[in-house]
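[1] Sequence plus the predicted model coming up.
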Amino acid sequence: MVKLEGGGGDTIRLMAKQKVVLIPGDGIGPEISDAVVRVLEGAGAPVVFEMHLAGVAALEAGMDDVLPEVTVDAILQRGVALKGPCTTPIGEGFSSVNVGLRKRLDLWAAVRPVKSLAGVESRYEGVDLIIIRENTEGLYSGVENQVTSEVIISMKVATRKACKRIARGAFRFANRNGRKKVSVFHKANIMKMTDGLLLDLCRMVHAEDYPNIEYEEVIVDAGSMRLVQDPTQFDIILCENLYGDIMSDLCAGLVGGLGVTPGGNYGDERVVFEAVHGSAPDIAGKGVANPLALLMSAKMMLEYLGDYKGNKEAAASAKRIESAYLAALEAGEKTGDLGGSLDTQGFADAVIKRLGS
Ligand code: NAI
Ligand code: MG
């Protein structure tokens with residue numbers, strides 16, 4: 001909070017603008033980032049963006065890695081980032097920007113709300129679930145080995161520390177947000193030690209600290225079937241890394257697609273908000289991508305600044321932005337992926353004109 005003395009002796013209180021790192025990313029990233037920045041400016045959100053590069057964009061700018069140190073350092077310093085999708089070249093060479101960033105910053109939980117929205121057609125109504133994904137280990141540890149010329153192995157890593165903090169994080173999140181049930185998706189019938197460890201710790205955390213919250217264990221394949229039969233039976237779905245990745249896109253499909261599913265990656269000290277979707281090379285550069293999932297992620301960022309940094313202006317602008325995009329959708333003003341006719345900037349304009357004052 002900046003305190004200024006006014007000319008007449010009045011005290012004027014102004015909220016200092018929060019510096020936030022913006023990584024536009026690759027493919028559709030720059031287009032949707034532009035749109036989102038315009039909406040946040042229109043809403044008077046109390047943030048100042050500092051742009052940094054990652055992904056193929058960093059290589060094209062002459063940097064020597066997809067995850068440049070200067071970008072990591074900026075997030076370490078500012079603590080908060082909004083990130084567009086980054087392309088990771090498949091095969092040999094560079095490792096994933098996203099996995100790298102989550103590990104470097106120890107962003108141990110991905111929180112991905114999946115909610116039916118009025119004006120967005122989908123097969124289901126009344127879906128309101130949240131995926132909480134362990135973000136740092138499992139099969140995404142990148143421990144792969146060529147054992148013989150014919151055999152390659154990939155190691156699934158589960159540590160007591162990471163399993164315990166994601167279990168505790170999921171129940172704490174449920175409690176804090178008035179959620180009733182945590183369903184942990186697992187395959188402990190086959191991966192008895194790794195997924196078994198996560199289950200042990202979920203049971204312990206539930207019994208010791210959160211017996212008020214309903215808890216169930218669901219084998220991930222059966223859970224996938226239950227999800228597509230009736231997603232409204234789920235509240236919080238807790239997953240290890242790989243299942244969480246897959247379930248995130250599956251659940252996006254339950255509520256209208258990747259254009260409407262935002263997310264936040266949370267660590268103890270740092271947070272990076274990003275949509276679930278990738279860089280969509282098939283539509284990149286055409287100006288038609290839906291900026292809504294990134295805008296919803298930015299709204300989560302502003303809510304975070306309100307809840308955890310006491311920034312009331314950020315919380316208020318989050319509300320204004322949410323009301324505006326919900327109103328735009330209800331009025332049928334939406335992008336092509338949702339059956340509408342607006343392009344990326346056209347949707348941003350539709351939101352901006354509804355921001356009110
Ligand atoms: P993708 O999510 O980029 O695209 C899947 C499909 O959804 C495509 O048909 C795409 O056009 C569509 N789509 C995605 N976002 C959209 C949007 N905002 N508006 C309209 N349509 C949208 O997944 P894909 O093709 O598997 O991955 C492409 C690249 O993105 C890969 O290099 C991958 O590694 C990267 N990726 C990056 C992520 C991140 O930075 N967090 C997450 C997922 C993938
Ligand atoms: Mg994914």
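    That came in fine, so what should we check first? Ligands and ions are numbered 1, 2, ... in the order given.
[2] Name the nearest residue to I131, ignoring sequence neighbours.
    Spatially, and ignoring its direct neighbours in sequence, I131 is nearest to R112 (4.3 Å; C-beta to C-beta, 6 or more residues apart in numbering). In short, each C-beta sits where N, CA and C put it, glycine included.
[3] A293 too?
    In space, and not counting its chain neighbours, A293 is closest to A275: 3.5 Å by C-beta to C-beta, 6+ apart.
[4] in this protein, which spans are helices?
    Assigned by DSSP state H, the helices in the chain fall at 29-42, 56-60, 69-78, 97-104, 160-176, 194-209, 220-229, 241-254, 292-309, 312-330, 344-352.
[5] one step back: neighbours of the residue nearest to I131, just the number please.
    If you count neighbours by other C-beta atoms under 10 Å, R112 ends up with 25.
[6] Correct me if wrong: it contacts V260.
    No. Counting by C-beta atoms under 8 Å, R112 does not reach V260; the two are 11.3 Å apart.
[7] K103 is in contact with T136, isn't it?
    Yes. Counting by C-beta under 8 Å, K103 touches T136, with 5.7 Å between them.
[8] Any idea how many residues pack against G244?
    Using other C-beta under 10 Å, G244 has 23 neighbouring residues.
[9] Contact residues of the stretch 151-300 of the chain facing ligand 1?
    Proximity of the stretch 151-300 of the chain to ligand 1, by C-beta under 6 Å from any ligand atom, involves residues 258-259, 274, 277-283, 289-290, 293.
[10] Which members of those residues define the maximum pairwise distance?
    Farthest apart among these by C-beta to C-beta are E274 and D282. That separation is 19.2 Å.
[11] neighbour-wise, which of these two wins?
    Each of E274 and D282 has its neighbours counted (other C-beta under 10 Å); E274 has more, 28 against 8.
[12] contacting residues around that one?
    L82, K83, G84, P85, N98, G263, G264, N265, L294, S297 (C-beta atoms under 8 Å, 6 or more residues apart in numbering).
[13] Find the nearest non-adjacent residue to the fifth one, please.
    Of all residues beyond its chain neighbours, the one nearest N98 is C86 (6.4 Å), with distances taken as C-beta to C-beta, 6+ apart.
[14] Point me to the residue of the stretch 101-250 of the chain nearest ligand 1.
    Residue nearest to ligand 1 within the stretch 101-250 of the chain: D249 (7.3 Å; C-beta to the nearest ligand atom).
[15] give me every residue that touches the spatially most central residue of the chain.
    Within the chain, one residue has its C-alpha closest to the average C-alpha position: by C-alpha atoms, centre = their mean, that is G263, at 1.7 Å. Listed by C-beta under 8 Å, 6+ apart, the contact set of G263 reads A110, V111, R112, P113, S248, F273, E274, A275, V276, S297, M300.
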